[in-house]
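Student: Everything below, folded, please.
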Amino acid sequence: MSFLRGKAIPASAVSVDYEVVPINSIKVIQPPREENEDPALTGPTGLSFRADLSKQLKNVRVLIKDEPIAPTERWWQSFAANFGLGTTVFAYFDYAEVFSRIAQRGTENIRVAIERSPGDKPRLLSLTQPHKSFLRYDHALELVNRFRPEDSDLPALGYQNGILTSTHLPRSGDRSYQIGPDDFMNRFVLSVPIDGYGLPEVYLQLLRLVCSNGATGYAPAFRTPIQHGNNIALQLTRVLDGFDHADGFSAFRSRLEASQRTQASVREAVSLFRTLEKCQFDLPVFEKFDRVSGDIATTYGINPSAMAERKARVLPCKSTVYDLINFATELGSHHSTPHVSRVLGAWVGELVSGSVGKDNRPKEYDLEEVESIFEGEFAARFFADDNSAEAAFPAN
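Tutor: You can find the predicted model right below:
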C-alpha cells in the first residue's frame, strides 16, 4: 500500500537536534518557478493550491549553519503561525521570498528542530521561540516508556512528523466489557509534539478485542489538551499516572452501541471513500470497501460522489455505521503509518461525535422517501435483498 505522508519510522530509530540561531542567519533556497507555474494562476483553491504547494516544497532547502535541510509542511506551518501569517501566502509568493522578507527585518533568535533517521536525509520539523517550553525527544521517549508495562500488549510507540504517540491504560485498569456482539477495553492515546509546536493531547480509545482494532476518538468531543506551563514533564507524568475519563468513555461506548443499530447513509460511506482517497490506498482497499458498503454505484445506478446532499443523506448503504467504523479502524490499526492512522481516526472521531446517536438524520430509512427520489426501481432492488451486515459482509 502507499500512504499520504511517507513511511513510518520506528520511534527508537529517530533522533532530533535542536538549534537556536538568529533568524537572519537562515537562508531558504528555492529554484525559480517555470513560466507556467505563476502562483497567481493556480491560486489558493482546491487541488490546484495543494498540488502547487507540494510541488514547490519538494525543491526547497533551508540552510541551517550551512547545512541544507529539507523543510516539512509542519515547519512552514509553524513559521507562519510564529509570525502571524496564513499558509495561503505561499500560494502567491515563493517560500524563499516570504522567508527572506521576514528575515531581513528580524534580528531575534529562533529555535529549530531537525529530525534525523538512518538512511534518510535530515528534515526540519518546526520553528519556535527559544523561551517556549517543550519536551525533548529523548526525554519524551523515556517518560512514556516509564508508564508502559514491559509485558503488556500495548501497541508500539509511533512517531511521524514531529509527533510521538503512545497508547496507555487508564487509571480504572484493564477491564473488558461488551458492546453488542464485541468485547472492548478502555485505552487512551497520548500525542506529544517533540519539536515545541503545539500542545500535548490525550484521546480516548476503545480497543475491540476480537482483532485488536483501536477506535480512537480524534475529535474535540474525546480530546483533552494538556496545558503544561513551564513544566511539561511534570504535567505529562500526572496524566500518565492517573488519567481516566469515566464520562468520556461512557459517551464513546454509547455512540458505538448506537452505530451498531444505525444503517449507514450514502453520505457517510462517500465521506470514508474520500478519506481513503486522501490516504492514497491501493486498489485492493477500495475493492474491499465496495464489498463492505455494497457497491453504491451499482445499487443506485449513479455515481455517489455526484449525488446531491439531500439524496446522499436519506439513501442507505448495505452496511451499518459500525461496519464502516470497523473498516476504518482495521486499516488504521494494522495497515497504516501513524499519520494515516490519525487521518482515519479523525474520520471515526468526527463520525462518532457527530451524527451517530443524534436525531439530525434518520435511524430508519423510509422506503417511500427513497422511491420518491429514484422512482422506486433502485430502492425496490435495495430493499428486496437481505440487508443485514452479517449476510452482506461475512468476516474475511
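
Student: if I've got this straight, residue 230 is in a strand?
Tutor: No: counting by DSSP: H, G, I helix; E, B strand; the rest coil, residue 230 is not part of a strand but coil.

Student: so what's it up against?
Tutor: residue 133 (CB atoms under 8 Å, 6 or more residues apart in numbering). Bear in mind the C-beta positions are built from the backbone N, C-alpha and C, glycine included.

Student: Against residue 131, how distant is it?
Tutor: Residue 230 sits 10 Å away from residue 131, going by CB to CB, to the nearest Å.

Student: tell me the phi and psi of residue 145?
Tutor: phi -70, psi -30 (degrees, to the nearest 10).

Student: Measure how buried the nearest residue to it once chain neighbours are set aside is and give me the count.
Tutor: Of all residues not flanking residue 145 in the chain, residue 157 sits nearest, at 7.6 Å (CB to CB, 6 or more residues apart in numbering). By the criterion of other CB atoms under 10 Å, residue 157 has 18 neighbours.

Student: Touching, residue 157 and residue 147? I think so.
Tutor: No: counting by CB atoms under 8 Å, residue 157 sits too far from residue 147 to count as a contact (11.7 Å).

Student: any idea which helix or strand carries residue 85?
Tutor: In the assignment (DSSP states H and E), residue 85 maps to no helix and no strand.

Student: tell me the pLDDT at residue 188?
Tutor: Residue 188 is assigned 92 on the pLDDT scale.

Student: so it bridges to which residues?
Tutor: residue 168, residue 204 (DSSP bridges).

Student: any idea how far it is from residue 282?
Tutor: 31 Å.

Student: and the two? which has more neighbours close in?
Tutor: Between residue 188 and residue 282, residue 188 has the larger neighbour count (other CB under 10 Å), namely 25 against 10.

Student: residues contacting that one?
Tutor: Counted by CB under 8 Å, 6+ apart, residue 188 has contacts 167, 168, 170, 202, 203, 204, 205, 243, 245.

Student: of the residues you listed, closest to residue 275?
Tutor: residue 203 (17.4 Å; CB to CB).

Student: Spatially, what comes nearest to the closest one if we skip its sequence neighbours?
Tutor: In space, and not counting its chain neighbours, residue 203 is closest to residue 189: 4.6 Å by CB to CB, 6+ apart.

Student: what's the one you found in contact with, if anything?
Tutor: Contacts of residue 189 (CB under 8 Å, 6+ apart): 165, 166, 167, 168, 202, 203, 204, 205, 214, 216.

Student: what about the second one, neighbour count?
Tutor: Counted with other CB under 10 Å, the neighbours of residue 166 add up to 24.

Student: And the last one, by the same measure?
Tutor: A count of nearby residues for residue 216, using other CB under 10 Å, gives 30.

Student: show me the contacts for it.
Tutor: 189, 203, 204, 205, 329, 332, 345, 348, 349.

Student: And the first one, by the same measure?
Tutor: In this structure, residue 165 makes contact with 157, 158, 159, 189, 190, 191, 192, 338, 342, judged by CB under 8 Å, 6+ apart.

Student: On the three-state scheme, it is what?
Tutor: Per three-state DSSP, residue 165 ends up strand.

Student: Could I get the full set of helices for the stretch 151-300 of the chain?
Tutor: 232-242, 246-261, 266-278, 283-293, 296-300 (DSSP state H, counting those that start in this stretch).

Student: do you know which of these lies nearest residue 17?
Tutor: It is, among these and with distance given as CB to CB, helix 232-242, at 19.0 Å.

Student: okay, the angle between the closest one and strand 163-168?
Tutor: Put simply, helix 232-242 runs at 30 degrees to strand 163-168, going by axes from the mean of the first three to the mean of the last three CA atoms, to 10 degrees.

Student: and helix 232-242, what does it pack onto?
Tutor: helix 137-146, strand 182-193 (3 or more CB pairs under 8 Å, 6 or more residues apart in numbering; DSSP states H and E).

Student: just those: most buried one?
Tutor: Counting by mean count of other CB atoms under 10 Å, strand 182-193 has the highest mean neighbour count of the helices and strands packed on helix 232-242, with a mean of 21.

Student: quick one: that one to chain centroid distance?
Tutor: From the chain centre to the centre of strand 182-193 is a distance of 15 Å (CA atoms, centre = their mean, to the nearest Å).

Student: can you start the count at 289 instead of 1 from here on
Tutor: Yes, from this point I'll number from 289; that puts the last item at strand 470-481.

Student: Work out for me the element the one residue sitting closest to the centre of the chain sits within.
Tutor: Per CA atoms, centre = their mean, the C-alpha nearest to the average position across the chain is that of residue 631, at 2.4 Å. For residue 631, the host element (DSSP H and E) is helix 626-641.

Student: Could you check how many residues crowd around residue 486?
Tutor: 19.

Student: Okay, it and residue 369: tell me how far apart.
Tutor: The value you get for residue 486 to residue 369, if CB to CB is used, is 9 Å.

Student: you'd agree residue 442 is up against residue 456?
Tutor: Yes: applying CB under 8 Å, one finds residue 442 in contact with residue 456, separated by 7.1 Å.

Student: Got the domain ranges for the protein?
Tutor: The record's domain parsing of the chain by automatic domain parsing lists 299-416, 425-540, 550-680.

Student: picking up where we left off before, comparing residue 442 and residue 456, which residue is more hemmed in?
Tutor: Each of residue 442 and residue 456 has its neighbours counted (other CB under 10 Å); residue 456 has more, 21 against 13.

Student: was I right about the more buried one contacting residue 475?
Tutor: Yes: contact criterion CB under 8 Å: residue 456 and residue 475 qualify, at 6.9 Å.

Student: Find residues that contact each of the two.
Tutor: Counting by CB under 8 Å, 6+ apart, the residues touching both residue 456 and residue 475 are residue 442.

Student: separation between residue 365 and residue 477?
Tutor: Counting by CB to CB - residue 365 and residue 477 are separated by 22 Å.

Student: hmm, I was thinking of residue 315
Tutor: 38 Å.

Student: Run through the residues that contact the residue lying closest to residue 468 once chain neighbours are set aside.
Tutor: Leaving aside its chain neighbours, residue 468 sits nearest to residue 548 (4.3 Å; criterion: CB to CB, 6+ apart). Contacts for residue 548 (CB under 8 Å, 6+ apart) come out as 467, 468, 469, 608, 609, 610.
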